[in-house]
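Enquirer: Okay, sequence plus prediction incoming.
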Amino acid sequence: MTPKKPQQWLQVVGHAGNFHVGDYGTLLKRYCKGEQQCYLRLMADTLRSFVPAYHGVVQRDKQDYNMMDNLLTHFNTPAIMDCKMGSRTYLEEELQMARERPQPRNDMYEKMVAVDPEAPTAQERAQQAVLKTRYMQWRETLSSTTTLGFRIEGFRTKSREQVTEALSSFVESSANIMWGYLRQLKQLRQVLEASDFFRTHEVVGSSLLFVHDWTGRTGVWMIDFGKTVVLPSPLTLDHRTAWVEGNREDGYLWGLDNLIDILGNMLPLS
């Protein structure tokens with residue numbers, strides 16, 4: 001790694017303060033043991049080239065951070081898009097815990113009515129609160145997560161047409177950039193289908209990071225593994241089967257298939 005001047009950048013998604021730009025082209029992300037374990041396994045998996053290189057745990061101001069490559073280092077004024085992959089963004093164990101300890105939430109009710117005043121039931125309106133399980137499942141219906149198996153963070157997209165419009169805006173209708181992303185997504189799909197890590201993990205809440213710049217350089221990486229959990233042996237997933245509670249399927253490859261198909265249909269016929 002060669003020294004790089006720290007970059008000024010604005011975090012637009014996720015929890016504020018979770019990230020810091022490190023030295024030597026690295027990024028510091030607030031420590032999560034589960035994510036650390038995933039990165040350690042990924043460094044020995046065929047997926048290694050599609051995730052940021054991991055460099056261990058460092059401490060800053062008495063806080064531990066996972067240190068990894070800053071994926072923006074080699075781009076010139078990059079355009080960035082975060083696609084949350086999969087047909088759900090909550091773990092099965094989160095649903096179970098919420099059922100075991102049902103607590104009506106006023107804050108989640110307020111978030112719900114701010115988006116759709118008609119969404120709460122009569123009982124929820126009377127209580128001015130909703131259960132976390134209800135809120136989590138309702139939230140997924142607002143985006144293309146449930147209809148396409150992915151959603152573009154920062155955009156209100158639910159239909160295929162809305163997703164196509166958002167993608168076209170992101171790449172500024174550049175066929176060259178679209179081809180670059182399409183090639184990399186197809187390569188990623190091939191590697192995912194052969195990956196031992198992917199086969200044996202429930203991948204929830206993970207994103208694909210898309211980066212390109214004015215030179216036409218493109219990059220796609222898997223990021224965010226805080227909710228990725230290893231499956232009990234000998235269970236494996238195909239990541240395309242529809243989720244039914246208990247089967248642990250996450251819809252990741254179903255979403256990737258749809259993303260590839262949409263991008264392919266946006267390109268001019270050659």
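Expert: Here it is on my side, so go on. Numbering: from 1, shown residues only.

Enquirer: out of everything not next to it in sequence, what's closest to Asp82?
Expert: Once flanking residues are discounted, Asp82 sits nearest to Glu153: 4.2 Å by CB to CB, 6 or more residues apart in numbering. Quick note: C-beta positions are derived from backbone N, CA and C, even for glycine.

Enquirer: same check, this time on Leu256
Expert: Closest to Leu256 by CB to CB, 6+ apart is Arg189, at 5.6 Å.

Enquirer: where's the one you found, which helix or strand?
Expert: helix 175-194 (DSSP states H and E).

Enquirer: And for Asp64?
Expert: strand 63-69.

Enquirer: follow-up on the earlier one: figure out how far the helix holding Arg189 is from the centre of its chain.
Expert: 17 Å (CA atoms, centre = their mean, to the nearest Å).

Enquirer: Just checking, which helix or strand succeeds that helix along the chain?
Expert: helix 196-199.

Enquirer: Can you name every helix or strand that that following helix contacts?
Expert: Counting contacts by 3 or more CB pairs under 8 Å, 6 or more residues apart in numbering; DSSP states H and E, helix 196-199 packs against helix 33-42.

Enquirer: packing partners for the helix it packs on?
Expert: strand 54-60, strand 63-69, helix 196-199.

Enquirer: re earlier: so what's the residue count around the residue nearest to Asp82?
Expert: Using other CB atoms under 10 Å, Glu153 has 14 other residues around it.

Enquirer: and the gap between it and Gly86?
Expert: 13 Å (CB to CB, to the nearest Å).

Enquirer: now swap in Gly264 and tell me
Expert: For Gly264 relative to Gly86 (CB to CB), the value is 21 Å.

Enquirer: More neighbours: which of these two?
Expert: Using other CB under 10 Å as the criterion, Gly264 and Gly86 rank with Gly86 on top: 27 against 13.

Enquirer: surely that one meets Ser206?
Expert: Yes. The criterion here is CB atoms under 8 Å, and Gly86 meets it with Ser206 at 7.1 Å.

Enquirer: I'd assumed Arg48 was in a strand, is it?
Expert: No. Arg48 is assigned helix when assessed by DSSP: H, G, I helix; E, B strand; the rest coil, not a strand.

Enquirer: before we move on, the earlier item: highest mean neighbour count out of the helices and strands packed on helix 33-42?
Expert: Among the helices and strands packed on helix 33-42, ranked by average contacts under mean count of other CB atoms under 10 Å, first place goes to strand 63-69 (a mean of 19).

Enquirer: Quickly run through the sheet partners of it, with directions.
Expert: Looking at strand 63-69 with DSSP bridges, its partner strands are strand 26-30 (antiparallel), strand 54-60 (antiparallel).

Enquirer: Now find how far off-centre the shortest one is within its chain.
Expert: Right, strand 26-30. Worked out by CA atoms, centre = their mean, strand 26-30 lies 17 Å from the chain centre.

Enquirer: Now do that strand against helix 33-42, angle only.
Expert: 140 degrees (axes from the mean of the first three to the mean of the last three CA atoms, to 10 degrees).

Enquirer: For strand 26-30, give me every contacting residue.
Expert: Contacts to strand 26-30, defined as CB atoms under 8 Å, 6 or more residues apart in numbering, come from residues 1, 15, 17-22, 35, 52, 55, 58, 60, 63-71.
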